[in-house]
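1. my questions concern the predicted model and sequence given below.
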Amino acid sequence: MKTCSARSPVLPRNALLRCEAALCLTIATLAQRLAPFRYLALTLGESQRELSGAHPALAAGLSVRVSRGLLSTAERLPWHTTCLERAVAAKWMLRRRRVPSTLYLGVRRSGRDLSAHAWLRSGQAIVTGGIEESTNYQPIAWFT
């Protein structure tokens, strides 16, 4: 049976993932609230270029893991995070793992109202933003 010594604390992978998610969400929130979007867009990759749906199985597993960790962390933060902040944080986390993804910005008109939404796709999977929500919005910009 393995034991951990007092000198080398071992954190579970999920705890490290949640710490990373909290840090990325905090930075994304500050960037979105304090800086013009054009500066944030510089960190998102190439504009108006989309990835194919092909995706290795390992990358798909990482995408799911990042998605779950990020969304559970976002629910526990003392502030509300927007869909854009979640998509940006997930994009950064996947890039760190060398998993390709595309971040979409979309709009929807309902009568006189116009609403916006952001979502992140990696392979065929929607990482943040929900499948139902993302299909109701017309993409106007995307970053790879």
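-> Good, I have the coordinates. Numbers count the residues shown, from 1 in each chain.

2. residue contacts, the most centrally placed residue in the chain?
-> The chain has residue 90 as the residue nearest its centroid, 2.1 Å off, counting by CA atoms, centre = their mean. Residues in contact with residue 90, defined by CB atoms under 8 Å, 6 or more residues apart in numbering, are 24, 66-67, 70, 101, 120, 127-128. Glycine gets a C-beta too; all of them are placed from N, C-alpha and C.

3. where exactly do the strands run in the chain?
-> For the chain, the strands defined by DSSP state E occupy 102-110, 113-122, 125-128, 138-143.

4. right, so of the ones you listed, which gets closest to residue 83?
-> Of all these, strand 113-122 sits nearest to residue 83, with 4.6 Å by CB to CB.

5. between that closest one and strand 102-110, how big is the angle?
-> Angle, strand 113-122 to strand 102-110, by axes from the mean of the first three to the mean of the last three CA atoms, to 10 degrees: 160 degrees.

6. quick one: contacts of strand 113-122?
-> For strand 113-122, the surrounding residues in contact (CB under 8 Å, 6+ apart) are 51, 55, 59-60, 63, 82-84, 86-88, 90-91, 94, 99-108, 126-130, 133-134, 136-137.

7. which of those residues count as buried?
-> 55, 59, 63, 82-84, 86-88, 90-91, 94, 99-106, 126-129, 133-134, 137 (16 or more other CB atoms under 10 Å).

8. show me what the least confident helix or strand in the chain by mean pLDDT is packed up against.
-> When each helix and strand of the chain is scored by mean pLDDT, DSSP states H and E, helix 131-135 comes last, with a mean of 73. Contacts defined by 3 or more CB pairs under 8 Å, 6 or more residues apart in numbering; DSSP states H and E place helix 131-135 against strand 113-122.

9. who does the closest residue to residue 86 other than its chain neighbours form a beta bridge with?
-> Of all residues not flanking residue 86 in the chain, residue 128 sits nearest, at 4.5 Å (CB to CB, 6 or more residues apart in numbering). Going by DSSP bridges, residue 128 is paired in beta bridges with residue 120.
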